[in-house]
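Colleague: Here is my input; please provide its structure:
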Amino acid sequence: MTDVDATTTETARFSPQARPSALTLPVVLAGVVLVAMSISGTAVALPGIGRDLDASGSALNWVVAGYNLAFAAMTLVAGSAADRVGRRRTFVVSALVFSGGFLVTAVSPSVLFTDAARIVSGAGGAGIMAAGGAILASSYEGAARNRAFALMGTMAGIGIAVGPTLSGLLISATGWRGSFVAYTVVGLLITSGATRMAESRAATGPADWPGSLLFVAALALLMFALLEASSLGWTHGAVITTAVGGLVALAVFVALQRHSAAPVLSPSLIANRGFVGWSLATLTTSVGFLGVLVFLPTYLQAAADLTPAAAGTAMLLLTAPVLVTPLAAATLVNKGVSARKLIVAALALVTIGNLWLATLSPQDTVAGVAGPLLAIGVGMGASFGITDGQAMALVPADSVGMAAGFLNTLRGAAEAMVIAAFGAALLGLLGNRLGDGKQAASVSAGRISHVHRHAELDALTWSWRMTQLGVAVLCLLLSVTVVALIRHHGPRPKTI
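Modeller: Alright, predicted model coming up:
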């Protein structure tokens, strides 16, 4: 297809004659890299944002959590919208929203303003990932389609790998505000390139706006309850009310989807055990990866006195394996290795790595975390290389946007919930250990006082260890569930 304005209404995959634009793959992959970098790189900026805006505790955690909440809540909505209104159109609008949010963040005068701008950016990032996955699924078939998804996993790995390091270098050179400006510029370039891609959409149908609003409301309420519980307490009226409201909204959403003519999330998709199993696998590796990715840079700066650039570089132990393992996993599948066995190995590495991090110590900090970070990174990368392709192989062509949205919603929800839960657990444990909520919030943000350094660092380390034990147990339980779901329902290995 050479006419960039041509639109394909599909109930099947593209035919060999309907070729995608030459810009399709590079533009989508560039968007994936940028979104992945924005997820992993922002954590390095948190200490600087906290100092500059005099923020700590849940308000500071929302800089990352708000982005991931919006990403999780909007990805499924964006994926379904892309099928109906056009995948290119959704991608372009999302890239503009993403860039605008980063620009506003760069000039933000307060942490609340920053949190709001980050939510906007998260919504844009959701559209980039969901529409991007749908564009690849609808534009390619067979081996080309599988290679495109393998490259998508690799590019996500590259973004996650270089995000902390590049952001650390940018922050050291230009300050945290300058690093957000850089993301804005690249986002606008991707927007420009996306306007030259071919358009496609599925058979049109009415949008399920009630379902979309309920889904966003459910995740937002549950996320608020989880994040604010650490500062307000689990029995606080606002926490209980929002948690109950979120559960009710989620239950009503599920009921509505069963009767909707054009559901945001088709019940038939959830009834597919193989698809759900592979989707849950990507959620599990995200659970084991994100808490470490977001909170460890602050610990390294506090415990080992590393600069933001040095802390970002140290995080390469976690992120560098994600550069190579997606394509390596695909190669092993090509040679006849079972995709199911590979994902079991990946889940085991992520679980073991998180359990290993329970031995974290202020002494020899970087050397001590090298082994567990490498294990988690390899497991996460292997998951990137196979889960999306295996899951999408089970999806009808006219639902690829919805399926891509669901996959990325699970990732985003895992990221948002893990960040909220990890931060809440860390802050709650610190508060109990130190006996002072205000001091605990300061320590969790990486501000260790010289007078009480030994006691505060001991408390932070102990809190880290306990939190990691909880994450490891959760990863183990989820991994067992994945194995049960995909044991007899996964797709056959495909040539990539």
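
Colleague: Quick check: P372 vs E141, distance?
Modeller: Per C-beta to C-beta, to the nearest Å, P372 is found 40 Å from E141. For every residue, glycine as well, the C-beta is placed using N, CA and C.

Colleague: got a list of what L394 touches?
Modeller: Going by C-beta atoms under 8 Å, 6 or more residues apart in numbering, L394 touches N272, G274, F275, W278, P491.

Colleague: Mind checking which of P372 and E141 has more residues around it?
Modeller: Remark: of P372 and E141, P372 carries more neighbours, 24 against 16, as counted by other C-beta atoms under 10 Å.

Colleague: So for the more buried one, what's the nearest residue that isn't a sequence neighbour?
Modeller: Nearest residue to P372, sequence neighbours excluded (C-beta to C-beta, 6 or more residues apart in numbering): W356, at 3.7 Å.

Colleague: can you confirm that neighbour is in a strand?
Modeller: No. W356 is assigned helix when assessed by DSSP: H, G, I helix; E, B strand; the rest coil, not a strand.

Colleague: how near is it to A55?
Modeller: 32 Å.

Colleague: neighbour-wise, which of these two wins?
Modeller: Set W356 next to A55 and count neighbours by other C-beta under 10 Å: A55 wins out with 22 against 18.

Colleague: That one - nearest residue in space that isn't next to it in sequence?
Modeller: Closest to A55 by C-beta to C-beta, 6+ apart is V111, at 3.7 Å.

Colleague: who's in contact with the one you found?
Modeller: Here V111 is in contact with I49, L53, D54, A55, A59, L60, W62, V63 (C-beta under 8 Å, 6+ apart).

Colleague: which two in those residues are spaced the farthest apart?
Modeller: Spatial extent of the contacts of V111 (C-beta to C-beta) is set by the pair D54 and W62 at 14.8 Å.

Colleague: where are the low-confidence patches of the stretch 351-496 of the chain?
Modeller: 364, 397-401, 405, 408, 412, 415-416, 445-446, 451, 488-496 (pLDDT under 70).

Colleague: S200 falls within a helix, correct?
Modeller: No. Secondary structure of S200 (three-state DSSP): strand, not part of a helix.

Colleague: wait, it sits on R87?
Modeller: Yes. Because the distance of 5.4 Å satisfies C-beta atoms under 8 Å, S200 is recorded as touching R87.

Colleague: what sits in contact with each of these two?
Modeller: Common contact partners of S200 and R87 (C-beta under 8 Å, 6+ apart): I135, S138.

Colleague: neighbour count winner among those two?
Modeller: Neighbours were counted for S200 and for R87 using other C-beta under 10 Å; R87 has more, 34 against 27.

Colleague: Model confidence for the more buried one, exactly?
Modeller: In this model, R87 is scored at 86, pLDDT.

Colleague: before we move on, what about A261?
Modeller: Looking at A261, its pLDDT stands at 69.

Colleague: tell me what the helix ranked longest in the chain is packed against?
Modeller: Looking across the chain with DSSP state H, the single longest helix is helix 142-194. Other elements packing on helix 142-194 under the criterion 3 or more C-beta pairs under 8 Å, 6 or more residues apart in numbering; DSSP states H and E are helix 24-53, helix 87-106, helix 111-139, helix 273-303, helix 308-314, helix 316-319, helix 321-334, helix 365-392.

Colleague: I'd like to know which of these lies nearest to M223.
Modeller: Judging the helices and strands packed on helix 142-194 by C-beta to C-beta, what sits closest to M223 is helix 111-139, at 10.8 Å.

Colleague: Helix, strand, or coil at the closest residue to G277 other than its chain neighbours?
Modeller: Among residues not flanking G277 along the chain, L485 sits closest, at 2.9 Å (C-beta to C-beta, 6+ apart). What three-state DSSP gives for L485 is helix.

Colleague: Surely L485 is in contact with F275?
Modeller: No. Applying C-beta under 8 Å as the test, L485 and F275 come out as separate, 9.2 Å apart.

Colleague: which one of those two has more residues nearby?
Modeller: F275 (26 against 20).

Colleague: for the more buried one, what are its contacts?
Modeller: L269, A391, L394, V395, A403 are the contacts of F275 under C-beta under 8 Å, 6+ apart.

Colleague: ok, those vs L247, which is closest?
Modeller: Closest to L247, out of all of these and judged by C-beta to C-beta, is L269, at 21.8 Å.

Colleague: Show residues contacting the helix or strand hosting that closest one.
Modeller: L269 is part of helix 267-271 when elements are defined by DSSP states H and E. With contacts defined as C-beta under 8 Å, 6+ apart, helix 267-271 is touched by Q257, R258, F275, V276, V395, S399, M402, A403, F406.
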